[in-house]
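Student: One predicted model, sequence on top.
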Amino acid sequence: MNILILNGPNLNLLGKREPDIYGAQTLQDLMTDCSAYAEQLNHSVTHFQSNAEHEIVNAIHDAMNTIDFIVINPGAFTHTSIALRDALLGVNIPFIEIHISNVHARETFRQHSYLSDIASGVIVGCGTHGYKLAIESAAQQFNHQQKNG
Ligand code: CA2
């Protein structure tokens, strides 16, 4: 299965600022680890990060026909973007929403997501390890779908 990991605005700063909230690992190192983990499960990962909403929308559109599962940390677009919701609904690719921090223990504006109700899973507050949990769950959901239709 081909998994696309999408990271939204400011996640390029991972490992460089606010390590107490977002951890010490850089995005590049995290994505390298994710690729290695997916390979262990016989799946493959491509990834894309952007600070621009329309670039993430385009990446979702480009995933049509080639990507089986999306893992997305939409960053702050989680709480604002009907465009991302519409793109994910439009391509009809199953996706898992992931947040490094526990958004429910933070400001109230972080407690609403435009994506959670249409996601096949949501992982919150498990640190950067959450990306591996998301890959594991994507693999499990994909295998179940293949077996049971
Ligand atoms: O917890 C998460 O993963 C978030 O999606 C991160 C977003 C935030 O707006 C969401 O509410 C929750 C912010 C990403 C900022 O990433 C940084 C990483 C390192 C240093 C500074 C920012």
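Tutor: Structure received.
Student: Could you tell me the phi and psi values at the closest residue to Ile67 other than its chain neighbours?
Tutor: Distance criterion C-beta to C-beta, 6 or more residues apart in numbering; nearest residue to Ile67, sequence neighbours excluded, is Leu4 at 4.5 Å. Where C-beta positions appear, they are placed from N, C-alpha and C, glycine not excepted. The phi/psi pair for Leu4 (degrees, to the nearest 10) reads phi -110, psi 120.
Student: So what sits opposite Leu4 in the bridge?
Tutor: Thr46, Ile70 (DSSP bridges).
Student: okay, now it: neighbour count?
Tutor: Leu4 has 22 neighbours, counted by other C-beta atoms under 10 Å.
Student: Equivalent analysis for the one 10 residues further on, please.
Tutor: Summarising burial for Leu14: neighbours were counted as other C-beta under 10 Å, giving 24.
Student: Use 221 as the first number from now on
Tutor: Done: numbering now begins at 221, and the last item shifts to Leu234.
Student: Just give the closest residue to it, not the sequence neighbours.
Tutor: Nearest non-adjacent residue to Leu234 (C-beta to C-beta, 6+ apart): Leu247, at 4.4 Å.
Student: Check Ile241 too.
Tutor: Ser321 (5.3 Å).
Student: ok, the one you found touching Gly345?
Tutor: Yes. Contact criterion C-beta atoms under 8 Å: Ser321 and Gly345 qualify, at 6.2 Å.
Student: Who has more neighbours out of these two?
Tutor: Ser321 (18 against 14).
Student: does that one sit in a helix, a strand or a coil?
Tutor: Classification of Ser321 using DSSP: H, G, I helix; E, B strand; the rest coil returns coil.
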